[in-house]
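Peer 1: quick one, what's the 3D model for this:
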Amino acid sequence: MFVCLSSGASPRYRQDILRALGMPHGASLQFRYQSKWIAPSVFGKVKDGKIINSRALVAYVDQSIPGQAPELIPCRFASISEASIHGTTVSLVLNLGEIALATNLQAFNTEMRTQSSGTLPSWQSGSLVGHYWFEVLPGPTTVTASENISDWETVVSQLATHTEFSNEGGFYAVLGMSPLESAQTVQFKKGRYELASGTEYELRIYHYSPGSSPLDTRLTLATSSPWLMFTTNPLLMLDSRYDLKRVRIKTGKPSSTEPAILCVLRSEGATQTPELQFDLPVAVRSNFGWTLLYGAVLGVLLAGPQIIAAFSNPTLPRMNAYFISLMSGVLGLFAGIFAAFGLKKSPE
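Peer 2: Residues are numbered from 1 along each chain as shown. Next up is the predicted model:
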């Protein structure tokens, strides 16, 4: 199993841990590493393309105290979907899976030091050495996979004991999306939510703060797609220690499946400009039957005047009237359907 570490050495690295805990099962999260921080054996597998679909463990490493042995906290299991070398850096795309829970962190860290064969980051002569992306064999036995929100809370509480997360008031997790008044959750598959057309959905986000940190985090959902419309306020105030937030979204009625993006943004207080946390890709399925019916009705309306005129002309032979009506009906139907599918490029 591969282990992918992220620290709190920069705001971006710290946010990667929050994203790993916040994004839904099946979502894609990108890490980036300089090659010097990647174990040579792992870098070789990346070059040979022998790493795709491999199991990975995302973990936070606390290296904030010079001279003290860094401590690891497992956060999320994942599978590697892409690894690309760009000069001296590597971009890594992870498909997130279950929450990774180690109830005994001391035993987990001991196991990691043993299985990593000395590749873990450590302080030596005032500088950090080691690797942040390495492989452990046969893999950790002190960490378990879970989809239980109480285990997610445990991981959050473990992080909150460390200085770099001690003042964090915005731990949250996207639990899923369901059609309104339905218990069936839409699964995040192939990197996106697939939603039915003309349907109202409810997106659920759970937040939890284990300590007494300031509670003024705001999450905002946004989209530029005309096929998604918020029917409730997309601004969520994380102003209590724990709560379940809901946002309702109604889909349009496209004539073909349309891609869309839900953006999750975060800000601290009312004055800070919201910053993008991650995107949730969406596909709104086509409403072919409704569009076809719309086109047929439009075709009848287009052909109606010609048919009425043909039968109202007393000098026109009856066979000619029938022929004109037939052709008008066929052409009107084609024109109506073509217009319906050609013009349905934006919601009603």
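
Peer 1: and the nearest residue to residue 222 once chain neighbours are set aside, what element?
Peer 2: Once flanking residues are discounted, residue 222 sits nearest to residue 263: 4.6 Å by Cβ to Cβ, 6 or more residues apart in numbering. (Each C-beta comes from the backbone N, C-alpha and C, glycine too.) Following DSSP states H and E, the helix or strand that holds residue 263 is strand 258-268.

Peer 1: sheet-wise, list the partners of that strand with their directions.
Peer 2: Next to strand 258-268 in the sheet, as set by DSSP bridges, lie strand 217-222 (antiparallel), strand 275-284 (antiparallel).

Peer 1: show me where the stretch 201-348 of the chain dips below the pLDDT cut-off.
Peer 2: Within the stretch 201-348 of the chain, the ranges that satisfy pLDDT under 70 run 212-214, 287-303, 307, 310-311, 321-325, 328-348.

Peer 1: for it, just list every one of the helices.
Peer 2: Assigned helices in the stretch 201-348 of the chain, in chain order: 288-312, 318-343 (criterion: DSSP state H, counting those that start in this stretch).

Peer 1: likewise the stretch 1-150 of the chain?
Peer 2: Applying DSSP H, counting those that start in this stretch to the stretch 1-150 of the chain gives helices spanning 11-22, 40-47, 105-115, 149-160.

Peer 1: looking at these, spot the one closest to residue 86.
Peer 2: Evaluated with Cβ to Cβ, these place helix 40-47 nearest to residue 86, the distance being 11.4 Å.

Peer 1: who touches that closest one?
Peer 2: Helix 40-47 has contacts (Cβ atoms under 8 Å, 6 or more residues apart in numbering) with 2, 35, 38, 51, 83, 85, 90, 131, 133, 134, 135.

Peer 1: would you mark the buried spots in stretch 30-50?
Peer 2: Of the residues in stretch 30-50, 31, 33, 37, 38, 39, 42, 43, 45, 46 count as buried by neighbour count, 16 or more other Cβ atoms under 10 Å.

Peer 1: same check, this time on stretch 167-186
Peer 2: Buried residues in stretch 167-186, counting neighbours by 16+ other Cβ under 10 Å, are found at 168, 169, 170, 171, 172, 173, 174, 175, 176, 177, 186.

Peer 1: CA atoms only: put that stretch into PDB for me.
Peer 2: Once non-C-alpha atoms are left out, stretch 167-186 reads as follows in PDB (Å, rounded to 0.1, in the frame of the first residue of the first chain):
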ATOM      1  CA  ASN A 167      -8.100  26.400  16.000                       C
ATOM      2  CA  GLU A 168      -9.900  24.800  13.200                       C
ATOM      3  CA  GLY A 169     -13.600  25.500  13.300                       C
ATOM      4  CA  GLY A 170     -14.600  24.200   9.900                       C
ATOM      5  CA  PHE A 171     -14.300  20.400   9.800                       C
ATOM      6  CA  TYR A 172     -17.100  19.300   7.500                       C
ATOM      7  CA  ALA A 173     -18.000  16.300   5.300                       C
ATOM      8  CA  VAL A 174     -20.300  16.100   2.300                       C
ATOM      9  CA  LEU A 175     -22.600  13.200   3.200                       C
ATOM     10  CA  GLY A 176     -24.400  12.900  -0.100                       C
ATOM     11  CA  MET A 177     -27.300  14.000  -2.200                       C
ATOM     12  CA  SER A 178     -30.900  12.600  -2.400                       C
ATOM     13  CA  PRO A 179     -34.000  13.400  -4.300                       C
ATOM     14  CA  LEU A 180     -36.400  15.400  -2.100                       C
ATOM     15  CA  GLU A 181     -38.500  13.300   0.200                       C
ATOM     16  CA  SER A 182     -36.500  10.200  -0.700                       C
ATOM     17  CA  ALA A 183     -34.100   8.100   1.500                       C
ATOM     18  CA  GLN A 184     -32.200   6.900  -1.600                       C
ATOM     19  CA  THR A 185     -28.800   8.600  -1.800                       C
ATOM     20  CA  VAL A 186     -27.300   9.400  -5.200                       C
END
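
Peer 1: quick test: name the residue nearest the centre of the chain.
Peer 2: Central residue check for the chain by Cα atoms, centre = their mean: the C-alpha nearest the mean position is that of residue 280, 3.6 Å away.

Peer 1: so what's that one closest to, chain neighbours aside?
Peer 2: In space, not counting the residues next to it along the chain, residue 280 is nearest to residue 262; the distance is 4.1 Å by Cβ to Cβ, 6+ apart.

Peer 1: equivalent analysis for residue 80, please.
Peer 2: Distances taken as Cβ to Cβ, 6+ apart place residue 54 nearest to residue 80, at 4.9 Å, with adjacent residues excluded.

Peer 1: likewise for residue 115?
Peer 2: In space, not counting the residues next to it along the chain, residue 115 is nearest to residue 136; the distance is 3.9 Å by Cβ to Cβ, 6+ apart.

Peer 1: against residue 5, how distant is that neighbour?
Peer 2: When distance is defined by Cβ to Cβ, to the nearest Å, residue 136 is 12 Å away from residue 5.

Peer 1: nice, that's everything, thank you.
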